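Colleague: Structure for this input, please:
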Amino acid sequence: AVAHGGGDGGGGDRGGGARSVDRRVVRGPARFIPTADEWCHEFSWSGVPKDGSKTTVQPNANKFKKLSVIPTSMYHNVSEVRTNDDTLITVKLMLFFQLDSIEKMLACTNDPIADFVNAASADVIAFCSGLNYENFLTLTGELNKLETFSQLTTRAHMIGYTISKVVFRGFQAGEKLQAMHDEAIQERTRLRLLEETQEQQQRAEDMKLEGERRRAKMQAELEMEQHRLKTELSLTAQQASIKEQKLIQAAKNELEALQHEADLKQQKAAAAVNMEIKEHELALEQRRNEEQLRMMREMKQVGVDLTKVLVSQHEQPDKILKIDTSDSHRTDTQNKGLLGALQLNL
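Modeller: Numbering: from 1, shown residues only. The predicted model follows:
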């Protein structure tokens with residue numbers, strides 16, 4: 001809402017001077033109650049006429065006090081636009097715009113909708129005046145571009161608005177011109193269909209010939225591929241056979257090497273066992289000899305007749321050589337006791 005109120009005017013009414021009026025903008029959503037010396041601004045813009053037509057505007061048809069600042073749009077038909085070949089057409093547009101500055105709008109215009117309508121109409125008239133009817137038909141897409149509506153965008157910027165988009169909704173010509181245009185369209189459509197039919201026939205023939213050529217090429221390539229595959233299979237079989245023989249021979253050689261290595265290990269193990277047994281037997285024999293020698297030395301020290309001891313170990317010798325070196329005072333009973341002890345130790 002826009003509120004106006006009385007001001008002091010830099011001195012009020014002194015000396016008969018005019019009083020100034022202050023203006024303030026109240027942005028919603030809010031509850032607004034004017035003060036005693038304020039009044040709300042009433043907007044009177046061009047709008048939809050009473051007959052309900054959305055494509056035309058009527059001055060002062062839209063009166064309100066609450067200003068909407070959200071983006072909005074409007075329909076507008078520019079009637080009786082003349083091309084350079086004197087063809088009258090009606091151009092249908094849709095304008096999208098948004099209010100950016102309320103202060104600028106209040107200061108620069110009383111009816112922005114009327115400004116949009118006039119500026120858009122001027123841009124459309126300027127666009128169509130340099131084209132004939134045929135060129136207009138091919139360039140209607142330019143009416144969807146903001147660059148075509150330079151007066152509209154300039155005027156909108158001056159009054160605090162932004163034109164975000166302009167949509168061309170089509171055009172309408174006079175009844176006679178439209179009938180001629182429809183007939184021309186029908187004739188062009190008939191010729192185009194005839195041309196497309198002939199082109200389709202030619203394409204069908206071309207496709208048939210191309211298919212036969214591709215088929216022959218594919219047949220030749222298939223035969224070459226089959227020959228190549230047979231050659232590769234034969235070569236692969238030969239290589240596999242050679243590889244298999246190599247693998248068999250390698251496995252055989254490896255098996256023989258493993259068997260030979262196992263035999264060597266077995267022989268080495270047997271030799272080591274035999275050597276260990278012999279070393280054990282030699283050690284045992286040596287320990288027996290050392291023990292026997294020790295015992296004999298001990299018996300000699302106690303005066304035992306070693307000859308009798310050795311003879312007793314061989315009860316039936318081939319030859320007997322007796323050397324008596326024993327003392328007369330030792331008895332036979334002691335000798336027999338020592339001889340038994342020696343035999344038990346051995």
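Colleague: Got the confidence number for the nearest residue to residue 37 once chain neighbours are set aside?
Modeller: Residue nearest to residue 37 in three dimensions, not counting chain neighbours: residue 6, with 4.5 Å by CB to CB, 6 or more residues apart in numbering. Glycine gets a C-beta too; all of them are placed from N, C-alpha and C. Looking at residue 6, its pLDDT is 70.
Colleague: Also residue 67?
Modeller: At residue 67 the predicted local confidence, pLDDT, stands at 89.
Colleague: That one - how many residues pack around it?
Modeller: 18 (other CB atoms under 10 Å).
Colleague: And residue 31, by the same measure?
Modeller: A count of neighbours around residue 31, defined by other CB under 10 Å, yields 6.
Colleague: The residue nearest to residue 37 touches residue 21, doesn't it?
Modeller: Yes. Under the contact definition of CB atoms under 8 Å, residue 6 touches residue 21, with a separation of 6.4 Å.
Colleague: circling back: and the residue nearest to residue 37, what is it in contact with?
Modeller: 19-22, 37 (CB atoms under 8 Å, 6 or more residues apart in numbering).
Colleague: Residue 306 too?
Modeller: For residue 306, the set of contacting residues under the criterion of CB under 8 Å, 6+ apart consists of 296, 299-300.
Colleague: distance of it from residue 161?
Modeller: Counting by CB to CB, to the nearest Å, the gap between residue 306 and residue 161 amounts to 147 Å.
Colleague: Likewise for residue 285?
Modeller: According to CB to CB, residue 285 and residue 161 sit 129 Å apart.
Colleague: Those two: which has the busier surroundings?
Modeller: For residue 285 versus residue 161, neighbours defined as other CB under 10 Å are more numerous around residue 161 (23 against 10).
Colleague: show me the biggest helix of the chain in terms of residues.
Modeller: Longest helix of the chain, by residue count under DSSP state H: helix 175-301.
Colleague: what's downstream of it, the next helix or strand?
Modeller: Downstream of helix 175-301, the first helix or strand assigned by DSSP states H and E is helix 306-313.
Colleague: got the CA coordinates for that following helix in PDB?
Modeller: Output of helix 306-313 as PDB, limited to C-alpha atoms (Å, rounded to 0.1, in the frame of the first residue of the first chain):
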ATOM      1  CA  LEU A 306      95.800-111.300  34.600                       C
ATOM      2  CA  THR A 307      97.000-114.400  32.800                       C
ATOM      3  CA  LYS A 308      94.600-116.600  34.600                       C
ATOM      4  CA  VAL A 309      91.800-114.100  34.000                       C
ATOM      5  CA  LEU A 310      92.400-114.100  30.300                       C
ATOM      6  CA  VAL A 311      92.800-117.900  30.200                       C
ATOM      7  CA  SER A 312      89.500-118.200  32.000                       C
ATOM      8  CA  GLN A 313      87.800-116.200  29.300                       C
END
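Colleague: Now the buried members of the contacts of residue 306.
Modeller: The neighbour-count criterion (16 or more other CB atoms under 10 Å) marks residue 299 among the contacts of residue 306 as buried.
Colleague: so which of the contacts of residue 306 comes closest to residue 126?
Modeller: Ranked by distance to residue 126 (CB to CB), the contacts of residue 306 are led by residue 296 at 150.1 Å.
Colleague: Pull the contacting residues for residue 300.
Modeller: Here residue 300 is in contact with residue 306 (CB under 8 Å, 6+ apart).
Colleague: circling back to that earlier point, of all pairs in the contacts of residue 6, which one spans the longest distance?
Modeller: Within the contacts of residue 6 (distances taken as CB to CB), the two that end up farthest apart are 20 and 37, at 12.2 Å.
Colleague: which of the residues in whatever helix or strand residue 123 lives in are buried?
Modeller: Residue 123 is part of helix 112-129, with elements assigned from DSSP H and E. Buried residues in helix 112-129, defined by neighbour count with 16+ other CB under 10 Å: 112-117, 119-124, 127-128.
Colleague: now stretch 95-107
Modeller: Going by neighbour count (16+ other CB under 10 Å), the buried part of stretch 95-107 is 95, 97, 99, 105-106.
Colleague: contact partners of it?
Modeller: Contacts made with stretch 95-107 from outside it, assessed by CB under 8 Å, 6+ apart, are listed as 2, 23, 25, 41, 67-74, 76, 112, 116, 120, 152, 156, 158-167.
Colleague: Only the buried subset of those residues, as a PyMOL command please.
Modeller: Buried members of the contacts of stretch 95-107, identified by 16+ other CB under 10 Å, are gathered into one PyMOL selection as follows:
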select buried, resi 2+67+74+76+112+116+120+152+156+159+160+161+163+166
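Colleague: Can you list which of the contacts of stretch 95-107 are found in helices?
Modeller: Checking those against DSSP H, those in helices are 112, 116, 120, 152, 156, 158.
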